[in-house]
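>>> this one's sequence-less:
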């Protein structure tokens, strides 16, 4: 294992200056913290992947895949008024773990606008989680010091449970003494915070009611503000488009929304095409070339320059609106009157289930609920593909689309595009569009 102190940053740095992040008006933020009514979910129940917040256990096979534990590197990043973002200290499982670039992920553009926050990201083949805070320091050129503490792991679900440990370490001011033995012990699974199955102990602790209520509000507001367009987003996710969420801090909220966007494309039913949507989470300016070259991803950012980088994404979610650039994709991913009705029912079911859980003193998880709703729809569609593939005609009649919660007139192009990805031999019958609205 290798520990390093980093007295100097790289020459190629990006300053976290006051003008590097333009804070939007509160009404333009991606998340609008108002008291709009929540939404609920409709559809057949289905087993689905739990959100990252859910407690999980590591199977013996996954433990064998990670014999040294889930954490491969820990680090502390600081912003220096002269040098910019730099790695102050790091410890890796071996010298082969490259953490270059983590100094920009762990202290993102706009970090100076919040007192503390956390975020998740992907760098190379590893996932990362970091917690940062602003510390008052009158001797500093800016009157404050921006510092972040984070770690890297092989799988995101294995490391998010350590967020509380990172927050504790940074809050205790360990940087002043250089005593990072708690962080060092996380690498290789030698920590009291890791059990024999390499599972973060903190991950087995349920979220507090306050945390769960906050996450539920994030999901509720995002869905409510998007409205029926959440079904257009759902179609874009299933078609594996490049989806970028542009917003302002809190960064934890942005990352939670990115996670939700990937969840709505989940399915557990057998298919040659697995639901791997390249979840990048937070991205910065150093990821521009990566996004251009990627065929599919779900990511979020606070870098406003991405508004001008149209070649970096297919779908942009900004200021509570969904922007699809390609006219052909716009026609493929329409929102019909039927889906507006579906969304109303979704909101009704959401509110009903939330109220029932509240009365029964249960815990309602909006992320799991909304993800489960779309997982059920996805599996219904894939089951229809499998059934059609077993027939001689290998055809899905347009009249069957309504049973799939799709519009028989306007959603044929979408269903055909999706069928081409999973079962290329299937053909979806088409009926003429309404000459008046081209939707119903």
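Yep, that arrived. All values reported here derive from a predicted model rather than from experimental measurement.
>>> from the chain's centre, how far out does stretch 228-247 sit?
Offset of stretch 228-247 from its chain centre (CA atoms, centre = their mean, to the nearest Å): 12 Å.
>>> now do the same end-to-end measure for that stretch.
20 Å (CA to CA, to the nearest Å).
>>> What are the buried residues along that stretch?
Within stretch 228-247, the residues that qualify as buried by neighbour count (16 or more other CB atoms under 10 Å) are 228-247. Heads up, the C-betas are built off the backbone N, CA and C, glycines and all.
>>> Check stretch 297-308 too.
For stretch 297-308, by 16+ other CB under 10 Å, it's 297-304, 306.
>>> same question, stretch 249-256
249-256.
>>> from the middle of its chain, how far away would stretch 311-321 be?
14 Å.
>>> in that stretch, what's buried?
Using 16+ other CB under 10 Å as the test for burial, stretch 311-321 gives 312-320.
>>> ok, the residues you listed vs residue 168, which is closest?
Taking CB to CB as the measure, residue 168 lies nearest residue 317 of these, at 33.0 Å.
>>> Quick check: nearest residue in space to that closest one, chain neighbours excluded?
residue 245 (4.6 Å; CB to CB, 6 or more residues apart in numbering).
>>> The one you found pairs with what?
For residue 245, the beta-bridge partners under DSSP bridges are residue 300, residue 317.
>>> how near is it to residue 91?
Separation of residue 245 from residue 91 (CB to CB, to the nearest Å): 32 Å.
>>> show me where pLDDT drops low in the stretch 51-200 of the chain?
Under the criterion pLDDT under 70, the flagged ranges of the stretch 51-200 of the chain are 51-68, 136-143, 189-200.
>>> For it, which segments count as helices?
60-65, 102-106, 156-159, 163-171, 181-186 (DSSP state H, counting those that start in this stretch).
>>> which one of those lies closest to residue 337?
Closest to residue 337 of the helices of the stretch 51-200 of the chain, according to CB to CB: helix 156-159, at 37.8 Å.
>>> starting at the chain centroid, how far to that closest one?
13 Å.
>>> re the thing from before, with pLDDT, distance to residue 352 and secondary structure added, can I get the buried residues of stretch 249-256 in CSV?
Rendered in CSV, the data for the buried residues of stretch 249-256 read as follows (pLDDT from 0 to 100; distance: CB to CB, whole Å; DSSP: H, G, I helix; E, B strand; the rest coil):
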residue, pLDDT, distance to residue 352, secondary structure
249, 93, 33, coil
250, 94, 29, coil
251, 96, 32, helix
252, 95, 28, helix
253, 95, 25, helix
254, 96, 29, helix
255, 96, 29, helix
256, 95, 23, helix
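>>> ok, those vs residue 212, which is closest?
Within those, the smallest distance to residue 212 is 11.9 Å, found for residue 256 (CB to CB).
>>> quick one: that closest one and residue 216 touch, right?
No - with contact defined as CB atoms under 8 Å, residue 256 does not count as touching residue 216 (10.5 Å).
>>> joint contacts of the two?
Shared contacts of residue 256 and residue 216, defined by CB atoms under 8 Å, 6 or more residues apart in numbering, comprise residue 367.
>>> Can you give me the neighbour number for the closest residue in space to residue 310 that isn't next to it in sequence?
Closest residue to residue 310 apart from its sequence neighbours, by CB to CB, 6+ apart: residue 325 at 6.0 Å. Residue neighbour count, defined by other CB atoms under 10 Å, stands at 13 for residue 325.
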